[in-house]
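Asks: after the sequence you'll find the predicted model.
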2 protein chains.
Amino acid sequence: MDSQQLFILSTDEAARRIAKVVAQMQREGADMVLLTDNADKYYVTGRVFAGWLTVAADGRVHAFVRRPVHLAGDDVTFVRKVEEVELSGDVIGLELNTLPAADYLRIDAMLAGRKVVNASTIMRRARAVKTPAEIEKIAESGRRQEAVYRNIATLYRPGMSDLDLQIEIERALRKAGCLGQFRISGDSMELFMGNILVGDNADNPTPYDFAMGGAGVDPSLPVGADGTVIAPGESVMVDANGNFTGYMTDMTRTYALGGLSELACCAHDCSIAICEALAAAGVPGTKASALYEEARRIACEAGLEEYFMGHRQHAGFVGHGVGIEINELPVIAPRSRDILEAGNVIALEPKFVIPGTGAVGIENTYVVEEKGMRCLTNAPTEILPL
Amino acid sequence: MDSQQLFILSTDEAARRIAKVVAQMQREGADMVLLTDNADKYYVTGRVFAGWLTVAADGRVHAFVRRPVHLAGDDVTFVRKVEEVELSGDVIGLELNTLPAADYLRIDAMLAGRKVVNASTIMRRARAVKTPAEIEKIAESGRRQEAVYRNIATLYRPGMSDLDLQIEIERALRKAGCLGQFRISGDSMELFMGNILVGDNADNPTPYDFAMGGAGVDPSLPVGADGTVIAPGESVMVDANGNFTGYMTDMTRTYALGGLSELACCAHDCSIAICEALAAAGVPGTKASALYEEARRIACEAGLEEYFMGHRQHAGFVGHGVGIEINELPVIAPRSRDILEAGNVIALEPKFVIPGTGAVGIENTYVVEEKGMRCLTNAPTEILPL
């Protein structure tokens, strides 16, 4: 059988990423991290495989592979179970945020009393500052996603429901190369290919920690489109999957048949103003919590407090890191302790839910640079005609 | 704000499901289980919500809700964190297979030395025997999925790649009411809306524990369609998402432009023969391992051993339970200890990968009844023309 190299990042790119991981390991005092989360393995090696990956404090990486059978490379060993993984050092990092308890208990038994620290923290911090190659992957997703958003009006046909339109948007995204997979850290949040919210459905609260809601069509997946027929005077908010490259952008635009109420238009303009203000303010060293407070201040000053980030149920953030997963660091929220760094990639989504109209506002994905946040999702921002 | 009842199953249906959970709790000696996995909460209450659910040994259920804010009911308490959940009894069941280690450690600290047993085992066993209402939901998914499969030939256009066809199948499934979400227990397996495999791409090994492979188009999601253009003499295997009701069916059919090789046709017939033999043999009390051995015996007798369940990489099972998730109990595998019970719902997928042709065979979803396994996915089984 022809084999494939497991490690497919360039030597330089791998070194850059591993240096970030090692720096965070030092901060947590870890001698080695044991990784099994797909997002983390993809980050370090450039591919998803079944098995485990160790990173030592000196930057040495070793893959312990269960499947697929055709991978090869120095520093690759095939194993059947985690007990065959070699762990060295006194302090071992495990991905406590995603590692199932049963696996944790097995590994903890192998460790025979050695200290465990949280490798989820290490990896989330390492992954929060993107390399130039990662930023290019995200920018490429942004270009492709934005091209689809520019054509959404051509997908609309009179009489369509939110679901009808969503299905055509899904198809257009897939035709443009969207991988479909919508990676969310952890198992508790679920969403299929994004959210299309029409009118008052946007005001239906969901169980999930997304910015916006929607009743969905089934209590097994209570989020998003619910079959509402698109009508004049109601907003159509499109927040769909931007994973084209293994790295995602997160982008929202608002559409409408004809005009929306003055209040809704005012709130939409306020969303654009918040994005612009935060993008200008978001230089390295800025507190994420300060960005949130600035967003909230602008919304309150416009008299829109009760509609900001939801109406019946409010989201507690206005932005979030994005990359391999949709919910990365930093978090732009009131109690966030994150400080912006150059290379952070952040989606800002100051949205409003206006009763009788629906959700309005925009979302863009930005990269933090020395002079502020540069937008990677550049479709027009006004309320777009369907 | 208008509120909604959290518990939306009928009283009888809830009682049936809770009785199954309580029976398995007794077997494991659990005084209470604490559930937070979405699939388990959906099973007991009929809906997904954010928070926790307790089931006591006397069958009493209590929901501790984080979100959404508009749920209501007796036995519903709103909480912010797991420490507010009331846990009673000496032995507590936690979902060790899916609960993240960090959450486990928090809860274990609350338990102050009380014994923990695995609620994943309890819930997987309880959910393995479906109620009549669950079987009807699965059958409804089967009817809708089968209607889409009957029309796949109408979606084909000359020159299409596997991905082009997959995108049209995805759209047809969504138009027929498919919810999109493809629920897999655990975080390590990933798949978007199913697998369309053309020709030798079926022989590319994947990291995931699915029956078939495929290289995919990106190393972040190395499974499934890889852009192969559909050509005469190559098989087109369609194994796509059957979640229409919160409960899924799993169904595969093989298509082709014109005829396939004699070996491939022989293997396809063998797959049908295995399904028929196992469906007849699969009465309550049958060992799952015996069903696997019977499948393997038929494949070997036909001289097809080296192609059975893969060629470069072999899957270690021929069938699996299906319901809310795609990987439920029982598992039809050589070392499985599962014994078939009436009400099990099982997907059988005896497939073959023939080099130069691709994947052939079928998959059906069955319910175990007194006289054997009744098929819930009834599209034609022969190799279907595109």
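Replies: Everything's here; your move.
Asks: grab the nearest non-local neighbour of A:Arg171.
Replies: With Cβ to Cβ, 6 or more residues apart in numbering or on different chains as the criterion, A:Arg171 has its nearest non-adjacent residue at 4.9 Å, and that residue is B:Arg171. All C-beta atoms are positioned from the backbone trio N, CA, C, and that covers glycine.
Asks: can you pull the contacts of the residue in the stretch 251-386 of chain A positioned nearest to chain B?
Replies: Proximity of the stretch 251-386 of chain A to chain B (Cβ to the nearest Cβ) peaks at A:Gln313, 4.9 Å away. Contacts were defined as Cβ atoms under 8 Å, 6 or more residues apart in numbering or on different chains; by that measure A:Gln313 touches A:205-206, A:213, B:67-70.
Asks: can we see that at 6 Å?
Replies: Applying Cβ atoms under 6 Å, 6 or more residues apart in numbering or on different chains, one finds that A:Gln313 lies in contact with A:205, B:68-69.
Asks: for the stretch 251-386 of chain A, what lies in contact range of chain B?
Replies: Counting by Cβ under 6 Å from any Cβ of the partner chain, the stretch 251-386 of chain A comes close to chain B at A:312-313.
Asks: which residues in the stretch 251-386 of chain A form strands?
Replies: A:252-256, A:319-321, A:328-332, A:345-348, A:351-354, A:358-361, A:364-369, A:372-375, A:384-385 (DSSP state E, counting those that start in this stretch).
Asks: for the fourth one, the distance to its chain's centre please.
Replies: Its chain's average C-alpha position is 9 Å from that of strand A:345-348, according to Cα atoms, centre = their mean, to the nearest Å.
Asks: avg pLDDT for that strand?
Replies: Strand A:345-348 shows an average pLDDT of 98 in the prediction.
Asks: what packs against that strand?
Replies: When contacts are defined as 3 or more Cβ pairs under 6 Å, 6 or more residues apart in numbering or on different chains; DSSP states H and E, strand A:345-348 packs onto strand A:319-321, strand A:364-369.
Asks: excluding covalently adjacent residues, which one is nearest to the spatially most central residue of chain A?
Replies: For chain A, the residue whose C-alpha lies nearest the mean C-alpha position (Cα atoms, centre = their mean) is A:Ile326; its distance is 1.3 Å. Computed as Cβ to Cβ, 6+ apart, the closest residue to A:Ile326 that is not its neighbour in sequence is A:Ile184, at 5.4 Å.
Asks: A:Ala315: neighbour count?
Replies: When neighbours are defined as other Cβ atoms under 10 Å in any protein chain shown, A:Ala315 has 16 of them.
Asks: phi and psi next, for it.
Replies: Listed backbone geometry of A:Ala315 is phi -80, psi 150, with angles given as degrees, to the nearest 10.
Asks: rewinding a little: which parts of the helix or strand hosting the residue nearest to A:Arg171 are buried?
Replies: Assigning secondary structure by DSSP states H and E places B:Arg171 in helix B:162-175. Applying a neighbour-count criterion of 16 or more other Cβ atoms under 10 Å in any protein chain shown, one finds B:162-174 buried in helix B:162-175.
Asks: how about the helices of the stretch 51-200 of chain A, start to end?
Replies: Listed from the start of the chain, the stretch 51-200 of chain A has helices (DSSP state H, counting those that start in this stretch) covering A:101-111, A:119-128, A:132-150, A:152-155, A:162-175.
Asks: do the stretch 201-350 of chain A as well
Replies: Using DSSP H, counting those that start in this stretch, the helices found in the stretch 201-350 of chain A span residues A:262-281, A:288-301.
Asks: dump those to JSON lines, plus mean neighbour count and mean pLDDT.
Replies: As requested, the helices of the stretch 201-350 of chain A are arranged in JSON lines below (neighbours: other Cβ atoms under 10 Å in any protein chain shown; pLDDT from 0 to 100):
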{"stretch": "helix A:262-281", "mean neighbour count": "20", "mean pLDDT": "98"}
{"stretch": "helix A:288-301", "mean neighbour count": "19", "mean pLDDT": "98"}
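Asks: and B:Cys266, which of the ones you listed is closest to it?
Replies: helix A:262-281 (61.7 Å; Cβ to Cβ).
Asks: who are the packing partners of the closest one?
Replies: Packing contacts for helix A:262-281, counted by 3+ Cβ pairs under 6 Å, 6+ apart, involve helix A:288-301, strand A:351-354, strand A:358-361, strand A:372-375.
Asks: so what touches the longest one?
Replies: Residues external to helix A:288-301 that are found in contact with it (Cβ under 6 Å, 6+ apart): A:274, A:278, A:308, A:318, A:330, A:332-334, A:336, A:338, A:350.
Asks: kindly report the same for the last one.
Replies: Contacts with strand A:372-375, where a contact means Cβ under 6 Å, 6+ apart, come from A:279-280, A:282-283, A:364, A:366-367.
Asks: ok, of the contacts of helix A:288-301, which come out buried?
Replies: A:274, A:278, A:308, A:318, A:330, A:332-333, A:336, A:338, A:350.
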